[in-house]
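*Asks:* The following block contains a protein sequence and its predicted model.
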Amino acid sequence: KAEGHVEGEKVENPDTGLYYDEYLRQVIDVLETDKHFREKLQTADIEEIKSGKLSRELDLVSHHVRTRLDELKRQEVARLRMLIKAKMDSVQDTGIDHQALLKQFEHLNHQNPDTFEPKDLDMLIKAVSASYE
């Protein structure tokens, strides 16, 4: 017996396997709470998303959504810093290039760790796209 999808029911998506999967899911969940952005996302084709056109819509989301995205980004930056520290502690090599380590994390703009900007959304989309190419 097939069960129908109930309106408003949360659909569990499989893990993408990306090391930033949780961050990606949280960003999408927050963006979908904004009616305008959700509508743009539903009508956008894959090229609009990949090209960064959709990222520019971030400037039109509500203040509450932007505040939540800023908070998510700060949490992700803190998580990445812990990963880098753990890697440095395990290697005990003082010749580590910190900027090179940060550049490994191409799913966010690490030069601006405090606010989630259109560039962050664009980088997240491009990182996900590159992972599946």
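*Replies:* Cool, got the structure.
*Asks:* The residue nearest the centre of the chain: what's it in contact with?
*Replies:* Residue closest to the mean C-alpha point of the chain, counted by Cα atoms, centre = their mean, is Leu24 at 3.9 Å. Each residue near Leu24 by Cβ atoms under 8 Å, 6 or more residues apart in numbering is listed here: 16, 18, 107, 124, 128. Yep, even glycine has a C-beta here, placed from its N, CA and C like the rest.
*Asks:* Put the buried members of the residues you listed into a PyMOL selection.
*Replies:* Selection of the buried residues among the contacts of Leu24 in PyMOL, burial being defined by 16 or more other Cβ atoms under 10 Å:
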select buried, resi 107+124+128
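*Asks:* Identify each of the helices in this protein and give its residue range.
*Replies:* 21-31, 35-43, 46-51, 63-91, 98-103, 118-131 (DSSP state H).
*Asks:* among these, which is nearest Gln111?
*Replies:* Across those, Gln111 has its closest neighbour in helix 98-103 (8.6 Å, Cβ to Cβ).
*Asks:* and that closest one, average pLDDT?
*Replies:* On average, the pLDDT along helix 98-103 is 60.
*Asks:* go on, stretch 115-133?
*Replies:* 86.
*Asks:* Okay, buried residues for that stretch please.
*Replies:* Those would be 116-117, 120-128, for stretch 115-133 by 16+ other Cβ under 10 Å.
*Asks:* what about it, distance to the chain center?
*Replies:* 7 Å (Cα atoms, centre = their mean, to the nearest Å).
*Asks:* just stretch 110-125 next, same as before
*Replies:* Distance, centroid of stretch 110-125 to centroid of chain: 8 Å (Cα atoms, centre = their mean).
*Asks:* This completes my enquiry, with thanks.
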